[in-house]
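Participant: Quick one: sequence and predicted model below, then my questions.
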Amino acid sequence: MKAAAVVANEDVQYQEVEEPQAKPGWVKIKVKASGICGSDVPRVLNHGVHFYPIVLGHEFSGDVVEVGEGVTKVKVGDRVSGAPLLPCMKCDDCQNGNFSLCKHYSFIGSRQQGSNADYVVIPEQNAIPFDPSISYEQGAMFEPSTVALHGLLQNDYQGGQCVAILGCGTIGIFTMQWAKIFGSKKVVVFDISQERLDLAKRMGADAVIDTTKENYMEEAMAITGGKGYGYVFETAGQVPTMHMAFELAANKAHVCFIGTPHADLTFTPKQWENMNRKEFKLTGSWMSYSSPFPGKEWDLTAHYFATGQLKFDPGFIYRKMPMSQAQEAFQLYKTPGLVKGKILLMNED
C-alpha cells in the first residue's frame, strides 16, 4: 500500500510500504481522512518520532474492509473512527480504569504505524462505529472531541455556571460545545484571532473575548457580574492563557488545563495566590479515555455528532490535501500562525 512515511527529520515520503493485515481481534480500515494533530508537528519537524521510518496519524476515519477472527463489534462496510491508545490493561492505572495514565501503553500513529496511509489496523475495541450521515471529515474529528469531553469530566463539570474557554482551536471549540450540551449558564470563549472567535460564535458561544484588547479582562468579568467563572478550561497550552485562567476563576471555581505547555511556566506570588485566596480547584487532563475502554467520551461523541447537537463546521478545517502531499502539508507548519484549524490528509477512492 501507499503511506506517508516519516523517513528522517523534516522528510515525509509517500512510498510503498507493507500492507497490514487484521489479526485475531483486530480490524482493518481503509482510511478516508487523517488529521494532522499538533503533537505530530514536532514529531516531523523536530526529531520527535520514536523510530524511522514511521507512519504517523491518529485522528482518522474510514471504512472497515476486513475483520480478524473473533471480531463482533464491527463488520465489513461499517464507517468508523479509531481510538489510538493501546493500553497494557494490566497495570494498576489500567485496572482502575485510568487508561490515559498507563505507563506501558502503545499508540497508533506514534509507537505503531498510523493512519497516514491507505490502511490502518486497530483492535476491535478501538473501532468506533458512527452513523453514515456523518462525513469522513467529521469522523476524523472524534479524537479532539473526546479530548475536550475528557477535560470536562476531569473538571467535575456540572451545568448552571459561567464557563470560560481559553483558546479557540479545535479542542477549545469542542470544549465550548460540550459545556453547552451539559447545561452551562453562559460559555465565553477567549482568543487572539478574530477569525477563530467568529467561528466560536457560529458554533454557539454566548460571548467571545478578543484578548488583544486592552480592557478585555474588565469585559470578561462584567459578563459574570464581577464574580468570575465557575469553570475555566485552558485549551491553548500558552503561558498567557494559563495565567489568565487563575485570574478569571471565581471563588471555589474548577480550573482545568487541557492544553500542553511548550515553554517554561512561572507565576508571580500574586498570580499564584489567586488559587489560595479563591480556593479554586486546579486539575490537569490527559488524553480521552475512561472505563469501560475506550470510554463514554467516544460513545457520546458518536451520539451527539449523529443528533447534530455536537456541531461540525467547515471552519474547523484549514485545508484538505491529498495523502501524497503530506510533506507539503507539514512544511506549512514552519510558518508561525499560518495554519489556523485542522489539515486533513485525504485518500482518494
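Facilitator: Received it, and whenever you're ready, just let me know what you need. Residues are numbered from 1 along each chain as shown.
Participant: for Val65, what are its contacts?
Facilitator: Contacts for Val65 (Cβ atoms under 8 Å, 6 or more residues apart in numbering) come out as 28-30, 76, 119. (Each C-beta comes from the backbone N, C-alpha and C, glycine too.)
Participant: change it to 6 Å
Facilitator: 28, 30 (Cβ atoms under 6 Å, 6 or more residues apart in numbering).
Participant: Quick check: it is in a strand.
Facilitator: Yes - counting by DSSP: H, G, I helix; E, B strand; the rest coil, one finds Val65 located in a strand.
Participant: That one and Ser115, how far apart?
Facilitator: 14 Å (Cβ to Cβ, to the nearest Å).
Participant: sec struct for the spatially closest residue to Tyr14 that is not a sequence neighbour, please.
Facilitator: Once flanking residues are discounted, Tyr14 sits nearest to Ser324: 4.5 Å by Cβ to Cβ, 6 or more residues apart in numbering. In three-state terms, and counting by three-state DSSP, Ser324 is helix.
Participant: Also the one 3 residues further on?
Facilitator: Using three-state DSSP as the criterion, the local structure at Gln327 reads helix.
Participant: Quick one, grab the pLDDT at it.
Facilitator: Reported pLDDT at Gln327 in the predicted model: 98.
Participant: so how far is Gln112 from it?
Facilitator: Gln327 is 22 Å from Gln112, where distance means Cβ to Cβ.
Participant: Of the two, give the one with the bigger neighbour count.
Facilitator: Gln112 (18 against 15; other Cβ atoms under 10 Å).
Participant: Pairing-wise in the sheet, spell out the partners of that one.
Facilitator: Beta bridges link Gln112 to Ile108, judged by DSSP bridges.
Participant: surely the residue nearest to Tyr14 meets Val12?
Facilitator: No - in this structure, Ser324 is not within contact of Val12 by Cβ atoms under 6 Å, at 10.3 Å.
Participant: ranges for the helices of the stretch 201-349 of the chain?
Facilitator: Under the criterion DSSP state H, counting those that start in this stretch, the stretch 201-349 of the chain contains helices at 216-223, 239-248, 269-278, 296-307, 326-331.
Participant: what does the longest one rub up against?
Facilitator: Under the criterion Cβ under 6 Å, 6+ apart, residues 83, 128, 130-131, 134, 142, 145-146, 149-150, 288, 290, 310 lie in contact with helix 296-307.
Participant: What subset of the residues you listed is buried?
Facilitator: Using 16 or more other Cβ atoms under 10 Å as the burial test, the contacts of helix 296-307 include 83, 128, 130, 134, 142, 145-146, 149-150, 288, 290, 310 as buried.
Participant: Out of the residues you listed, list just those in strands.
Facilitator: Applying DSSP state E to these, the entries found in strands are Ile128.
Participant: Same list (the buried ones among the contacts of helix 296-307) but as a markdown table, adding distance to Glu279.
Facilitator: Formatted as a markdown table, the buried ones among the contacts of helix 296-307 follow (distance: Cβ to Cβ, whole Å):
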| residue | distance to Glu279 |
| --- | --- |
| Ala83 | 36 |
| Ile128 | 39 |
| Phe130 | 41 |
| Ile134 | 42 |
| Phe142 | 36 |
| Ser145 | 31 |
| Thr146 | 30 |
| Leu149 | 26 |
| His150 | 25 |
| Ser288 | 29 |
| Ser290 | 27 |
| Leu310 | 33 |
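Participant: which one of the buried ones among the contacts of helix 296-307 sits closest to Gln158?
Facilitator: Nearest to Gln158 among the buried ones among the contacts of helix 296-307 is Leu149, at 14.2 Å by Cβ to Cβ.
Participant: quick one: the nearest residue to the closest one once chain neighbours are set aside from Lys180, how far?
Facilitator: Using Cβ to Cβ, 6+ apart and skipping the chain neighbours, the partner closest in space to Leu149 is Glu297 (4.6 Å). For Glu297, the distance to Lys180 equals 17 Å [Cβ to Cβ].
Participant: Between these two, point out the one with more neighbours.
Facilitator: Shown here are Glu297 and Lys180; by other Cβ under 10 Å, Glu297 has more neighbours (25 against 20).
Participant: how about Ser81, what does it touch?
Facilitator: So Ser81 contacts 61, 128, 139, 142 (Cβ under 6 Å, 6+ apart).
Participant: For it, give its distance to Arg111.
Facilitator: Separation of Ser81 from Arg111 (Cβ to Cβ): 19 Å.
Participant: With Cys162 instead?
Facilitator: For Cys162, the distance to Arg111 equals 40 Å [Cβ to Cβ].
Participant: okay, these two: which has more neighbours?
Facilitator: Taking other Cβ under 10 Å, Cys162 and Arg111 do not tie; Cys162 has more neighbours (25 against 15).
Participant: In this structure that one contacts Val187, no?
Facilitator: No - if you go by Cβ under 6 Å, Cys162 and Val187 don't touch, sitting 7.8 Å apart.
Participant: Show me what the nearest residue to Ala220 once chain neighbours are set aside is bridged to.
Facilitator: Sequence neighbours aside, Ile209 is the residue nearest to Ala220 in space, at 5.2 Å (criterion: Cβ to Cβ, 6+ apart). With DSSP bridges applied, Ile209 shows beta-bridge pairing to Phe190.
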